[in-house]
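[1] Any chance you can model this:
(one chain, ligands or ions: 1)
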Amino acid sequence: MASLECLEVKRLNHSFGFTQILKDINFSIKKGEVLSIVGPSGGGKTTLMHLCANLLDVQEGSVENTFTSSSFAFQEARLLPWKNVIDNIAIGLLAKGIKNKVAKKMSEEIALKFGLEKDDFDKFPKDLSGGMKQRVSFARALVVNPSLLFLDEPFSALDIGLKMELQTYLIQMVKEKNLTILFITHDLMEAIRLSDKIHLLQADPGHIIKEFEYDLSQEKRDDKFVYNETAKILQDETIINTFELQTIGFK
Ligand SMILES: Nc1ncnc2c1ncn2[C@@H]1O[C@H](COP(=O)(O)OP(=O)(O)OP(=O)(O)O)[C@@H](O)[C@H]1O
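    Model prediction:
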């Protein structure tokens with residue numbers, strides 16, 4: 001039986017003060033899909049994600065979310081400074097009513113899976129590198145086994161090795177657990193590596209101007225596929241205009 005879990009965005013408009021940020025946004029995400037919203041800086045991607053994730057009140061239009069659970073990872077790890085690595089990871093589990101001892105054990109297991117070491121478990125965020133913080137942030141988001149994961153530029157501050165490692169892990173989760181992802185990025189290569197669908201958000205006000213679809217399953221996408229598809233998309237007239245690539249000599 002097909003899953004009924006779905007996120008549906010209809011005729012969404014959003015303004016801050018007198019400035020319209022989003023205009024007539026429509027899309028839906030089904031269970032197991034990875035949808036990326038790409039677009040230039042300031043175009044309204046984060047605002048759109050916050051509306052979808054119920055972190056911001058909808059002013060006009062609707063967001064219907066029937067996923068059973070969701071979690072987030074952001075560009076900055078947003079860890080609680082007064083909690084150590086394991087306690088930061090365990091937050092969502094404890095909020096779900098899971099017993100302290102079990103939550104701790106689950107957090108330790110996922111911490112190891114995400115490349116943290118036993119020596120790191122008692123460390124506080126101030127004593128972690130940026131990459132370690134992001135590992136903790138991913139572990140915290142995934143330990144609750146979410147049905148829908150919201151990702152807002154979570155890789156942008158990471159080195160290429162860690163980026164690939166975390167992306168490979170996500171792809172594995174999509175395949176094994178049918179994880180659904182709404183992914184915000186301005187990195188086309190990243191979007192092509194991970195997404196079933198890419199929606200291009202043009203700014204002023206932010207609206208979806210074009211959609212791209214990729215059928216090849218993510219675990220089969222090698223570097224050649226990603227480079228070729230990125231080269232192709234960079235020649236797309238709408239992409240060139242949206243990212244204003246002609247002014248920097250890409251044409
Ligand atoms: N709380 C707020 N109050 C007023 N203006 C805001 C608020 N949040 C965002 N904005 C404005 O809305 C516009 C879109 O911002 P948003 O962060 O959604 O864009 P973005 O596409 O995610 O950008 P980036 O890729 O740089 O993170 C920007 O002009 C920003 O200054």
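
[2] Kindly export stretch 208-221 (C-alpha atoms) in PDB.
    Extracted in PDB, the C-alpha atoms of stretch 208-221 (Å, rounded to 0.1, in the frame of the first residue of the first chain):
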ATOM      1  CA  ILE A 208       9.800  28.400  -8.300                       C
ATOM      2  CA  ILE A 209      10.800  29.000 -11.900                       C
ATOM      3  CA  LYS A 210      11.900  25.500 -13.000                       C
ATOM      4  CA  GLU A 211      12.000  21.900 -11.900                       C
ATOM      5  CA  PHE A 212      14.600  19.200 -12.700                       C
ATOM      6  CA  GLU A 213      14.200  15.500 -12.100                       C
ATOM      7  CA  TYR A 214      16.800  12.700 -11.800                       C
ATOM      8  CA  ASP A 215      15.700   9.100 -12.100                       C
ATOM      9  CA  LEU A 216      19.000   7.300 -11.500                       C
ATOM     10  CA  SER A 217      18.900   6.100  -7.900                       C
ATOM     11  CA  GLN A 218      21.300   8.100  -5.700                       C
ATOM     12  CA  GLU A 219      23.700   5.200  -4.800                       C
ATOM     13  CA  LYS A 220      24.400   4.700  -8.500                       C
ATOM     14  CA  ARG A 221      25.400   8.400  -9.000                       C
END
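
[3] contact partners of it?
    With contacts defined as Cβ atoms under 8 Å, 6 or more residues apart in numbering, stretch 208-221 is touched by 25-27, 34, 37, 171-172, 174-175, 192-202, 225, 229, 233, 236, 238-239, 242. C-beta: built from backbone N, CA, C; applies to glycine.

[4] switch to 7 Å and redo it
    Contacting residues not belonging to stretch 208-221 are listed as 25, 27, 171, 174-175, 192-202, 225, 233, 238, 242 [Cβ atoms under 7 Å, 6 or more residues apart in numbering].

[5] Let's see the ChimeraX selection covering just the buried ones among those residues.
    This is how ChimeraX selects the buried members of the contacts of stretch 208-221, with burial counted by 16 or more other Cβ atoms under 10 Å:
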select :25,27,171,174,192,193,194,195,196,197,198,199,200,201,202,233,242
